[in-house]
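*Asks:* Okay, sequence plus prediction incoming.
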Amino acid sequence: MKSHSVSKPFFRRFAPVLLSAAMLTGAYGPIAQAQTSTATANPAVVLPDFSDIIAKADPAVVNIRTTASVPVRSGPGGGADPYELFRWFFGPDFQAPGMPQQPQPSPRQAPEERTVPRGVGSGFFISADGYILTNNHVVSDAADIYVTLTDGREFKAKVIGTDERTDVALIKIDTKDMTPLTVGDPKQLKKGQWVLAIGSPFGLDSTATAGIVSAISRDTGEYLPFIQTDVAVNPGNSGGPLINLKGEVVGINSQIVSRSGGFMGISLAIPIDEAMRVADQLRADGKVTRGRIGVQIGEVGKDVADAIGLPKAEGALVSNVEPDGPADDAGLKAGDVILTFKGETIKRWSDLPRIVGETKPGSRADMEVWRRGKTVTLSVKVAQLTSQSSESESKAKAEPEHADNALGLGVVDVAADVQRKLGIKGGVQVRTVTGAAQAAGLQPGDIVLAVNNTDVTDASQFGTLVSKLPKGKAAGLLVRRGDQAQWVAVEPSK
């Protein structure tokens with residue numbers, strides 16, 4: 001390798017410059033020293049060392065592999081019969097010259113099956129006697145489940161119970177003296193806190209990854225809100241623990257948001273407190289029993305909240321009440337907004353199914369409801385969740401239309417028999433839609449049950465209510481379409 005040196009004339013030529021640079025360095029030495037002192041006084045944030053946490057948690061995390069039974073089908077050329085290929089193409093009765101006589105067919109036998117690998121996942125011990133938490137989708141439809149520990153031992157597991165709605169499963173292996181993870185409190189998590197995952201991505205068991213909490217109570221439309229992180233989670237991590245800096249499990253890694261099928265920076269975990277409530281029921285009964293009150297609900301938008309005088313855009317908007325169901329017996333009506341249930345505040349509409357589901361069937365619960373500008377307390381007897389029911393759509397008989405109004409609606413009275421079928425009193429049915437109402441999404445056939453906080457009795461009274469609406473301020477219309485009711489904000493035309 002060649003080396004390069006500087007000639008003496010070159011050094012002499014640039015000596016004054018180098019000397020000046022040295023003088024400047026000396027002159028500004030105190031400033032440089034001061035900057036160094038400041039940096040020392042405010043050292044950079046030291047990243048956490050996860051090694052101790054992983055060393056303690058690792059023995060509690062297991063690899064799960066499952067198998068499935070698939071039927072064996074003989075194809076062309078399969079079996080010992082050299083003429084099977086002909087019979088495959090020409091049918092079982094095919095007979096060629098010189099071909100041995102085909103024996104009489106034997107009674108039909110059950111198709112043979114073979115066991116094949118189905119998938120891999122993760123799990124973790126929650127007790128010393130071998131109970132393991134994982135995801136339902138890891139073990140569902142599996143013929144056999146095998147659990148491998150970090151020390152290499154393998155056990156065949158049995159399913160204690162699964163819950164598809166929360167994607168939680170409880171399995172058990174015949175062992176003792178296991179090291180369970182300590183259960184933490186996910187409600188104490190904050191955005192930006194460090195968390196880590198241990199699992200078997202792509203079958204690579206005992207793999208640890210780390211990241212931060214990206215969001216709390218992420219609502220994805222599922223039954224439970226998720227913990228969102230940027231911890232690298234891939235296929236095979238499902239069912240593994242999400243662990244905080246105290247070494248406590250705070251979630252079960254369950255899903256990733258991805259367009260490629262691999263990790264793209266967004267992973268979702270089931271909060272461990274919700275999972276443990278499910279596990280307790282699975283351990284006791286092998287199944288989960290949930291409560292229901294017989295309502296269909298939706299979100300409360302800010303424009304609707306303003307229109308009906310609700311202080312905050314919170315709660316669950318009741319769009320339909322099941323006839324003769326628990327909520328109907330309690331006096332709940334379509335258009336009501338459920339603010340609290342059993343003393344718990346309903347901040348998002350999705351909070352209600354979870355809180356009601358956790359309520360013991362047969363017990364009574366109070367709910368605070370926003371109705372016509374004031375709060376009403378109702379007592380409901382919670383039933384057991386079995387199946388959903390819905391009402392059939394009904395249409396009103398044609399009647400003379402009422403004159404169009406400032407909302408752009410032409411309406412008629414709702415026939416008495418239709419009111420009985422729908423379980424409503426009064427209301428008007430929309431016949432024509434123009435202007436502001438059309439822009440708000442109303443359609444012919446919709447039934448308007450209330451304007452702001454006043455119930456609609458008939459078309460004449462509806463016209464009076466609309467004529468008194470202030471210009472420039474959106475009015476809240478409680479609109480029923482089919483078996484759903486929704487508050488819609490419509491601003492009267494000037």
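*Replies:* The structure has been received and is ready for your questions.
*Asks:* Test my guess that R364 contacts K342.
*Replies:* No: applying C-beta atoms under 8 Å, one finds R364 not in contact with K342, separated by 9.5 Å. Placement of C-beta: from N, CA and C, glycine included.
*Asks:* Just checking: what are the partner strands of the one helix or strand L242 maps to?
*Replies:* L242 is part of strand 241-243 when elements are defined by DSSP states H and E. Using DSSP bridges, the strands paired with strand 241-243 are strand 194-199 (antiparallel), strand 249-256 (antiparallel).
*Asks:* how about these, which one is nearest V231?
*Replies:* When the strands paired with strand 241-243 are compared for distance to V231 using C-beta to C-beta, the nearest one is strand 194-199, at 4.8 Å.
*Asks:* tell me the mean pLDDT for that closest one?
*Replies:* Across strand 194-199, the average pLDDT comes to 97.
*Asks:* got the contact list for the helix or strand just after that strand?
*Replies:* Next along the chain after strand 194-199, taking DSSP H and E as the criterion, comes strand 207-218. In this structure, residues lying in contact with strand 207-218 by C-beta atoms under 8 Å, 6 or more residues apart in numbering are 50, 54, 58, 189-201, 225-233, 237, 266, 268, 348.
*Asks:* and strand 207-218 with strand 249-256, angle?
*Replies:* 90 degrees (axes from the mean of the first three to the mean of the last three C-alpha atoms, to 10 degrees).
*Asks:* can you pull the buried residues of strand 207-218?
*Replies:* 207-211, 213-214, 216-218 (16 or more other C-beta atoms under 10 Å).
*Asks:* Adding distance to G423 as columns, could you present the residues you listed in JSON lines?
*Replies:* Below are the buried residues of strand 207-218 laid out as JSON lines (distance: C-beta to C-beta, whole Å):
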{"residue": "T207", "distance to G423": "56"}
{"residue": "A208", "distance to G423": "56"}
{"residue": "T209", "distance to G423": "53"}
{"residue": "A210", "distance to G423": "55"}
{"residue": "G211", "distance to G423": "50"}
{"residue": "V213", "distance to G423": "45"}
{"residue": "S214", "distance to G423": "44"}
{"residue": "I216", "distance to G423": "39"}
{"residue": "S217", "distance to G423": "34"}
{"residue": "R218", "distance to G423": "36"}
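*Asks:* With neighbour numbers in mind, choose between R364 and K342.
*Replies:* Legend: neighbour count by other C-beta atoms under 10 Å for R364 and K342, higher for K342 (16 against 12).
*Asks:* In contact with the residue nearest to the more buried one when sequence neighbours are not counted, which residues?
*Replies:* Using C-beta to C-beta, 6 or more residues apart in numbering and skipping residues adjacent in sequence, the residue nearest K342 is A365, 4.4 Å away. With contact set as C-beta under 8 Å, 6+ apart, A365 has these partners: 341-342, 356, 359, 379-380, 382.
*Asks:* Kindly state the beta-bridge partners for A365.
*Replies:* V380.
*Asks:* And it, how far from V337?
*Replies:* 17 Å (C-beta to C-beta, to the nearest Å).
*Asks:* what's the answer for G482, then?
*Replies:* 20 Å.
*Asks:* Could you do K347 as well?
*Replies:* When K347 is compared with V337 (using C-beta to C-beta), they lie 12 Å apart.
*Asks:* and if you look at S460?
*Replies:* Applying C-beta to C-beta to S460 and V337 gives a distance of 28 Å.
*Asks:* Compare the two (neighbour count), which wins?
*Replies:* When neighbours are counted by other C-beta under 10 Å, S460 and V337 differ, and V337 comes out ahead with 24 against 11.
*Asks:* give the contact list for the more buried one.
*Replies:* Going by C-beta under 8 Å, 6+ apart, the list of residues near V337 reads 300, 308, 310, 315-318, 369-371.
*Asks:* ok, so of those residues, who is nearest Q419?
*Replies:* Using C-beta to C-beta, the contacts of V337 come closest to Q419 at V318, 18.2 Å.
*Asks:* so who does the closest one touch?
*Replies:* Contacts of V318 by C-beta under 8 Å, 6+ apart are 295-297, 327, 332-338, 485.
*Asks:* wouldn't M367 be in contact with E344 here?
*Replies:* No: checked against C-beta under 8 Å, the pair M367 and E344 is beyond contact range at 9.8 Å.
*Asks:* Domain map for this protein?
*Replies:* In terms of domains, the chain is parsed into 59-91+112-172, 186-285, 292-384, 409-490 (source: automatic domain parsing).
*Asks:* Would you reformat these as a markdown table and include distance to V46?
*Replies:* Putting those into a markdown table (distance: least, C-beta to C-beta, whole Å) gives the following:
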| stretch | distance to V46 |
| --- | --- |
| domain 59-91+112-172 | 26 |
| domain 186-285 | 12 |
| domain 292-384 | 37 |
| domain 409-490 | 52 |
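*Asks:* So for T179, which of these sits nearest?
*Replies:* Short answer: domain 59-91+112-172, nearest of the domains of the chain by C-beta to C-beta, at 4.6 Å.
*Asks:* chain center to that closest one: distance?
*Replies:* Domain 59-91+112-172 has its C-alpha centroid displaced from the chain centroid by 26 Å (C-alpha atoms, centre = their mean, to the nearest Å).
*Asks:* go on, stretch 454-469?
*Replies:* For stretch 454-469 - counting by C-alpha atoms, centre = their mean - the centre lies 41 Å from the chain centre.
*Asks:* What are the buried residues along that stretch?
*Replies:* Those would be 455-456, 459, 461-463, 465-466, 469, for stretch 454-469 by 16+ other C-beta under 10 Å.
*Asks:* From F125, how far out is T150?
*Replies:* From T150 to F125 the distance is 11 Å (C-beta to C-beta).
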